[in-house]
Structures are given as structure tokens and as C-alpha cells.
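# I would like the atomic coordinates for the input below:
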Amino acid sequence: QDYCHEFVCITARERIVVPIRAIGARAVLDLPAQLDFSECPVKVSTQKTLLICNTGNLEARYQLSTQSPFSVVPTAGTLGAGDTVQVTVTFHPLTNGDHCSLLSCNTGEERIHTKLHGEAVDVNVGLSTNSVEADKTFITMSSHRTLFIDNRSNITAHFQWKAFPTVEDENKEKRRLRPLLHPPSEARLEKFTEEKKMEKEKGSYEDRSALLSSMVQEKMAKVQEDSMLFSDDIFFIEPMEGEIGPNCSAEIKVTFKPLEALGYQSMAYCNISGRESRLPLHLRGEGQGPLIEVSSPTLNLGNVLVNTPHVSKVKLINQGVLDGPFTYIPSTTDVGSLFKFEPEEGIIAAGGSQTLQISFHSTVLGSFEE
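Reported below is the predicted structural model:
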């Protein structure tokens, strides 16, 4: 605290006033005017040390604050007269480009500011390919492909495989899921009516209601904290996350496990340190069912006598690794009704075959083709 007073001297001829001022002890904190991080990789934390000196003659209590993408620790402290303290300022940008903010130091008596500046850039980190196509794979079985995440920079890169291309898309999905956690109003009303009949004491019902509300809140918290990692019933990626040292590569295994004889495709996105945008990976594959072939695609019966049954044989050969069921589907044409197959259904073991007897019987003359 400062003090002021006056010394007054009065004579017969004049009045003299002498002002007296005393400046009390105070803290004076000294911070640099600017802290420049220069060029830094995006999505990577870069730290610098900043010195705060108390050049005054009184102990100082201070609080530090700044804004994203900058942060500071510790955020508060006490600094004795003539002492110096180190604080750590972290720059963690999520987007490329220039970033500026102020580091504010508040002592309660004054605010001191340090300008913070940093530039975020992409570094040489990427996927060895942006598309993986699996071999044709028998259903219920699996095939594998590999790719690499190459880190040709001097940072340690952390990666995660995500289900969505951007954070905005993730948040949109979370907002979509939240209402699904609440029971419909009709269901809540029905539950209320049933419990009111069963519970005569009001307190008991309030306990149940509070429990239901707590469960919903817990589920909503889990949705909000969900990392939204890649998840698929057909394609599997491992490892889902990890770290890659400077100038190193990580091997990624993609497993394709089809459930049906269909074509499949999906998208995964690699969120990785040093790259602003998530790296897309297009996944493709085709499921293969039992591989059954006919020994002869064409069967020529030649000349057949009218009203005389004719029997021919063909083989169904299973050239795959799965047991193959087969079923004869009768033809609806007039000519088709002249042919009979035996057996009409069955299962052919992997690597096996089944002989089919084809009977032809016609009561009219002519050429027949089916």
C-alpha cells in the first residue's frame, strides 16, 4: 500500500507545503513480451518453458490463463521477492495454419500479457495404400491383407482407426444416438402406470424413477466418451491404435470374413498425429459360396424313340472347400416337364461329387431343347 501526507510550514510571510509520499512494498512480475513456437506438426503437443521473475520486493500470488490450442501448467502459484519460476506452455493445434493467443498473468493488482504464436503444418506421415481389396474368400472363412503406416518424420505419431472422416461427423452421430437412450413417452407412461399400481408408497416409486434416470445419464456419458473407433461385421483392422517412432513404419493387418456370397465394401479413417485430415482407407472384398460345377455344361441325347424312356448321367463336382447343398428347381415350360432329375436335392462334400440321373420321356415327335 502507498501512503501520502503533507508537511506544512507556516511563517508570518508564507505557507509552505511539502508533499510526502511513501511507496509500499509490491510485487513486480516480469514476463517476455512474446513466445513463438514457429513451425510445429499438427495434432502434436509442442512444449516450451517460460520464465516468470518477481523483480519486486513483495511476495506475489499469480494466476495464468490462455486459450486453445495453447495451455499452461501450473495455472497458479506464489513467487517470492527476487525469485524466478518456470512454467510450461503447450501448443497442441488440431488444424493447420497460424494460431495466436495471449498468456495472461493476473496478480490481483495488474494483468500482464505474453503473446503466443505458432504455425501448424502436416508432416510426412501416410498410408502405403488408400485401398485394400481382399482375395475372393469362401463364406465363414477369412483372408488377410497387410498395409503400412509410414512415418518419415522426426515425431512419434499416434494413430487410431476411426469410423467417421471428421470430428463433426462423430459428434453428429452422438447427437443422433442420444434420443434413442430415452424410452418413448408412451413406454414411460405405461411404465409409470404399472409401477404406480404395484407400488403404493410414493418414496419407493421415486427411488425407481431416480434409478432409471441415473441409468440413462450413465449411458449418455458412455456415448459422449465413445472414441468412435472403426467397427464392422465383415472387415477387421488390427492393431486399432498405436504409436510409430520417428522414421519407422507400422504393419496393419486387414481381415476379411464374409458371411454371404456377396460383394462387400467399407471405409475406415486413420486419425494420426502430424496430419490434419484423417486418411481414408477403402476396403473391398467378395464372398465366395460353395464352388460347384457340372461335368458337362451341354447334354446331347441324340435320337430318342417316342414313348421310350432315356436316362443320361452328369456329375456335380464340388471344387471348393465348403460343403455344397443343391436343389433341383423344376422347369415351368412344356419341354421342361419331359425331364426328371434324381436325386433332386442333396449336399456335396468339399472335394466330392454327386452323380445326377436325367430321365427323358416324350410322347410326341420333334426336337427338344431346354
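# Just name the shakiest helix or strand of the protein by mean pLDDT.
Every helix and strand of the chain was ranked by mean pLDDT, DSSP states H and E. The lowest is helix 185-198, at a mean of 55.
# V42: what's its closest spatial neighbour, skipping adjacent residues?
Leaving aside its sequence neighbours, V42 sits nearest to A120 (CB to CB, 6 or more residues apart in numbering; 4.2 Å). For every residue, glycine as well, the C-beta is placed using N, CA and C.
# for the one you found, which residues make a bridge with it?
Beta bridges link A120 to C40, G97, judged by DSSP bridges.
# I'd say it and F37 touch.
No - with contact defined as CB atoms under 8 Å, A120 does not reach F37; the gap is 9.2 Å.
# Comparing the two, which residue is more hemmed in?
Higher neighbour count among A120 and F37: A120, with 24 against 20, using other CB atoms under 10 Å.
# Contacts only, for the more buried one.
Residues near A120 by CB atoms under 8 Å, 6 or more residues apart in numbering: C40, P41, V42, P69, P93, T95, N96, G97, H99, E276.
# how is this structure carved up into domains?
With automatic domain parsing as the criterion, the domains of the chain are listed as 29-121, 125-163+229-288, 182-228, 292-360.
# distance of the closest residue in space to F368 that isn't next to it in sequence from L305?
Nearest residue to F368, sequence neighbours excluded (CB to CB, 6+ apart): V335, at 5.1 Å. Note on V335: its distance to L305, by CB to CB, to the nearest Å, is 17 Å.
# the more surrounded of the two?
Ranked by neighbour count (other CB under 10 Å), V335 and L305 place V335 first, with 13 against 8.
# Might you report the residue contacts of that one?
Contacts of V335 (CB under 8 Å, 6+ apart): F368, E369, E370.
# swap in T156?
Counted by CB under 8 Å, 6+ apart, T156 has contacts E243, I244, G245, P246, S273.
# now swap in E170 and tell me
K162, A163, F164, M228.
# What about these, which one has the most neighbours?
The residue in the contacts of E170 with the most neighbours, by other CB under 10 Å, is K162 (23 neighbours).
# ok, what's across the strand from that residue?
L229, Y269.
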